[in-house]
Each structure stands twice: as C-alpha cells, then as structure tokens.
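Chemist: sharing a model that was predicted from the sequence below.
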Amino acid sequence: MFLSCPRCQATLPDWFLRAHRSDTACPNCYAKLNFEIFPAAFERQTLIASSAALADEAAACYEHQSKPAKAICGQCGRFICALCELEIRGQTWCPACLEAPRSATIQGALETSRTNYDSIALALATWPMVLFLYPSILTAPVAIYVALRYWRKPLSIVGRNRWRFVLAISIAVLQVSVFAVLIVSAILVAQWRQAG
Amino acid sequence: MKPAFPYKRLPGGERGFVRKSSLWEGADHLLLVRGTRFNEEYRRFNYRDIQVVSSVRCARAGSTGWWLLNIFVFFIALLFSLTPANHAHPYLVGMPLLLGAGVIARAIIALRYSCRCVLQTAVSREELVPLQRVWHATKALRIVRQRIVEEQGELPLDFGTLLPETGTKSVFRNRNDRNPSGVVDGKLKGYATRATAFAIVLFVLMLVNAGLSARFLDGPTATRMSATSRVLESTLVLSMGAATLFSLFSSHRLPNQSAMRKLLVTALLLQGFDVYLSTIMGSFYTLRQQTVVINVPTLQAWRWLIRFDVCAFLLVGAGGLVFLLLNWDFLRRGEASQT
C-alpha cells in the first residue's frame, strides 16, 4: 500500500505509514499533513462463502461453466462465480438481472451522472432576459418546452423538487405574454394610424 | 408513504459560477457529487472500502468566478469613489474600503485556512473537492471517520506488523544533488508560490494605476484631488512597491526565474518614474487654476509624459499577467519558464 502527499503527490516512506494517524509535515513539500489508515488497507481479498447450496463442489457458474460458483444471485437464484458477482446495497446480483429493467432504488445506486433539466429550463427563462432581453422571445417557448418535456424525468439523486420547473414556466409564460401584448399593440397602433 | 431521503449533507461544498460539488453521507457509502449547474456526476465510496483519509494544509483559491467578481466590483467602486462628483456621498468613498477588506479577507482565508483532502481505496484515489476550507474539512472528516470505524473497526495498536516491508523511501530529492531538469525541492516551491502570487497582485495594480492615470490624459484641469483620492492613490503606489519587493525577495532564491526577475525590475523602475511624475504633477494640483501659469510647450510635454506612463503601465501590467498565465505551472513549482 502506498500513501502519497495530497499536495505534492510524493510517495511517503514506510515509517510515515507506521505512524497510523499522523499530524506532521510531508518530507517533500513540508506541508502540514494529517492522515489516518483504516483496516481496509490490510484486508486481503477473500472469496465469499455462501449457503449450503454452494457446498456441492461440482456447482458451476451459470455464465462461465469452467469456473466454480461462489455466490447465488439474490434476484433469480442462479449460481454465479466471483467474476459475475455484483454486490449492490448489500444484495448480490448477476449480470443478467442487472441488465433487466430494475427498480428506481437500484437505478439510483448505479447511476453515475444526471442532467439537471430543471436548471436548464430556468436558465433558458432567466439568462436571456437578464442579459439581452430580446432573445427571450425565442428562449421563453424553449424553456416551456424543456420544462414540460422533462417534467417527469428523475431529478438529482441528492434531493431536488420541481420548483425550478414551476418558476421557469411562470417566467417564460410571463415573457411570452408580454411579447404577445407588445406585438398585438404594435399591430393595432399601426392599423389605427393607417385608418386615421 | 414517501421513503426517507437516504443522504445527509456534510459540511463544505464548492459553488462557483459554473462548477459545483458537495459531499453526502449515506447509509453505507459516501457520495461525492461533482458537476456544473446543468449536470451532475456521482462517485460512491463504501465505508468498508476506504483505506486512507488524508488532508494537507495548502492554499486553495476556490471559485475563480467569485474572485473575479469581487475584484471587479471593488475596482468599479474605487473608480466611482475617485470621481470628484461623488465625493459628496460618503458611502461611495467608504465602499471600496469595505470591498477591498473583503477581498483581502478572502485572500487570507484562501492562503491560510484552506486544505486538500484525499480519500484512498484499493482502486482509486479521489480528492474530496467540497472540503477546501479547514473548518469544513475538520467537521466532515470527523463524521466520515466515525462511519468508517463503525463499518471497519479500529486498527490494532501493533498494526505496524501488518504492514509489509515495501522498502518505500520518500521521493524527495537530496538537496546536494544537482538536478539538470531544474526542478526544485518543496521548500523552494513555497518561495515560488509566494513570488508568483505577489507578481499577480503587482500586475493587476499596475493596470489599475494605468486606468487611474488615464484621467489626466487631457492635461491638468481645475479639479483638485481630494484627500481621499490622494490617500487611495498613495495606497496604490505603496501596494505596488510592496508587491514588487516581496516578489523580488521571494524569487531571488530561485535560480531559474531570471525572466520574471527582469520583469519585476522593469516594473520597479516604471513605478519609480511614475512616483516622480506624480510628485511633479502634484505641484499643479495644489494650485488654483487661475494662478497656474502653464505655457503651451510645457503642457504638451506633460501630456506626452502621461501618455507614455499610461501606455507603459498597461504594457507591463498586461504583459506580466500574460507571462504569468503562460508559465503558471512552471513558475509555481519554481521551474524555469517555458516562454
């Protein structure tokens, strides 16, 4: 196991690691360094023994017939080897079950990124208005479309409600109304002048 | 019934104009959220897999956008306060002092109370970007450590016996070795960082000075400089001089930064000329207009001198900033500049 200084990336010597919980200076960049090592640093990879179903030495993995089974999928009950075994939130999954449509809970546990459509809609509704005003005649309808189109899309996994969508729609509708009134007024005034 | 929200937000966070990041405590893992206003990326670290948590005190500027905004607003307020028409409004004069104090406070926090935290597992080494300030890192890491210990337990006192002999030696360089690549050891990197930081301050102030001097391009007028304006301009001149000297003092220990030293000496000479010019010009501004007798050739000469002063400050200030930006990584590490 190697430990390196977060500042200068220098690999720290063995005696540094043995300090366990050190509050000292990096020997390379002299920065005040604090670190703590945990038991996981010394754990060997162990094969997980499962229930009596795996006691049969002849049991083979469902996907890899030449490999011995080491676990049982918690969803479908298939025998799987260490390579196929996937542990998510304390449950054992096989690749086939993982590829199948899954619950929102598991989906949230696997996702690595999400797009914040509510922020996009709000930006489309507000930024052009603040910066230049006139482009909002184009961006306001786009903001309404984005808000309605992605209303049901899951938001951030760290908790967001849909107030940005609501605000974006409100502002965009207001902008569209104002522009509509201005355009209609201009037409009516032009007609009145023409008639006069 | 709606399920309980599975995460609890930990202290700290980064929220710039574009980037943002946050750290969340889950039931069995730590969640790092990074991204922009429109996109988020998630990294999960199971408590049972975390091997090492390390942190180091170092300078962290934080969001560049907020820095630029603070400095921009400060200079706008400064220009407003220096306009003679605004001198009747005391808050306009006091505003730049307040904003300047805010910028300085931000700089002190960035330099003295910032840190970098890294989390290490068997397969990854990830910086915890939201933990950039010491007080946030202290609280957050205390909580994280508690969760890790709950999951993994504590190391035994004699854990050193568990550690295999890897023969790892520190990679820091022997100072007696001549290093042809020009890379300097850690202590000199501190000097390099300080020299670069003071140089940035100097060149920004030079641009400000050029802007302020541009007011006099039309030649001496009847406007008298108020005491506040004189104090602010004197502060500006003294700050430039101090920044130059500190930067020179820090960089003279670095053998590979002769280009930056030449730039600093040029800046120092220019400031000396500016001080001389201001002193001479000051004699005009202590006189009332009706008593000033300025013959035309002298006025033209002064105007040309002011033009030269403004252009020289603009050139050296902007050129210095461009030079620093192009060689940022090398200068901060104390290495020779590449341009």
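Modeler: In hand now; what should we look at? This one's a predicted model, so the numbers in the text were calculated from it and none came from an experiment.

Chemist: could you say what helices and strands the lengthiest helix in chain B packs with?
Modeler: Looking across chain B with DSSP state H, the single longest helix is helix B:296-326. Applying 3 or more C-beta pairs under 8 Å, 6 or more residues apart in numbering or on different chains; DSSP states H and E, one finds that helix B:296-326 contacts helix B:186-213, helix B:258-285. Yep, even glycine has a C-beta here, placed from its N, CA and C like the rest.

Chemist: centre of the chain versus the first one, how much separation?
Modeler: It stands for helix B:186-213. In terms of C-alpha atoms, centre = their mean, to the nearest Å, the centre of helix B:186-213 is found 9 Å from the chain centre.

Chemist: for it, name the packing helices and strands.
Modeler: Using 3+ C-beta pairs under 8 Å, 6+ apart: helix B:186-213 touches helix B:64-82, helix B:227-251, helix B:258-285, helix B:296-326, helix B:328-333.

Chemist: in CSV, list the ones you listed along with distance to A:Val142.
Modeler: Below are those laid out as CSV (distance: least, C-beta to C-beta, whole Å):
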stretch, distance to A:Val142
helix B:64-82, 25
helix B:227-251, 47
helix B:258-285, 49
helix B:296-326, 36
helix B:328-333, 39
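
Chemist: can I get the ones you listed in TSV with mean pLDDT and mean neighbour count?
Modeler: Shown next, in TSV, are the helices and strands packed on helix B:186-213 (pLDDT from 0 to 100; neighbours: other C-beta atoms under 10 Å in any protein chain shown):
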stretch	mean pLDDT	mean neighbour count
helix B:64-82	73	16
helix B:227-251	83	17
helix B:258-285	76	16
helix B:296-326	75	16
helix B:328-333	64	17
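
Chemist: so how far is the first residue of stretch A:76-85 from its last?
Modeler: In stretch A:76-85, first residue to last residue: 13 Å (C-alpha to C-alpha, to the nearest Å).

Chemist: so for that stretch, what's the average pLDDT?
Modeler: For stretch A:76-85, mean pLDDT rounds to 85.

Chemist: distance of the nearest residue to B:Val134 once chain neighbours are set aside from A:Ser177?
Modeler: Computed as C-beta to C-beta, 6 or more residues apart in numbering or on different chains, the closest residue to B:Val134 that is not its neighbour in sequence is B:Tyr113, at 4.9 Å. Computed as C-beta to C-beta, to the nearest Å, the B:Tyr113 to A:Ser177 distance reads 49 Å.

Chemist: neighbour-wise, which of those two wins?
Modeler: Neighbour count, other C-beta atoms under 10 Å in any protein chain shown: between B:Tyr113 and A:Ser177, B:Tyr113 has more, with 16 against 11.

Chemist: tell me who's in contact with that one.
Modeler: B:Tyr113 is in contact with B:Arg133, B:Val134, B:Trp135, counting by C-beta atoms under 8 Å, 6 or more residues apart in numbering or on different chains.

Chemist: check which helix or strand the last one maps to.
Modeler: Counting by DSSP states H and E, the secondary-structure element that holds B:Trp135 is helix B:134-152.

Chemist: list the helices and strands that helix packs on?
Modeler: strand B:19-25, strand B:52-57, strand B:115-120.

Chemist: out of those strands, deepest packed?
Modeler: Ranked by mean neighbour count, those are led by strand B:115-120 with a mean of 24 (mean count of other C-beta atoms under 10 Å in any protein chain shown).
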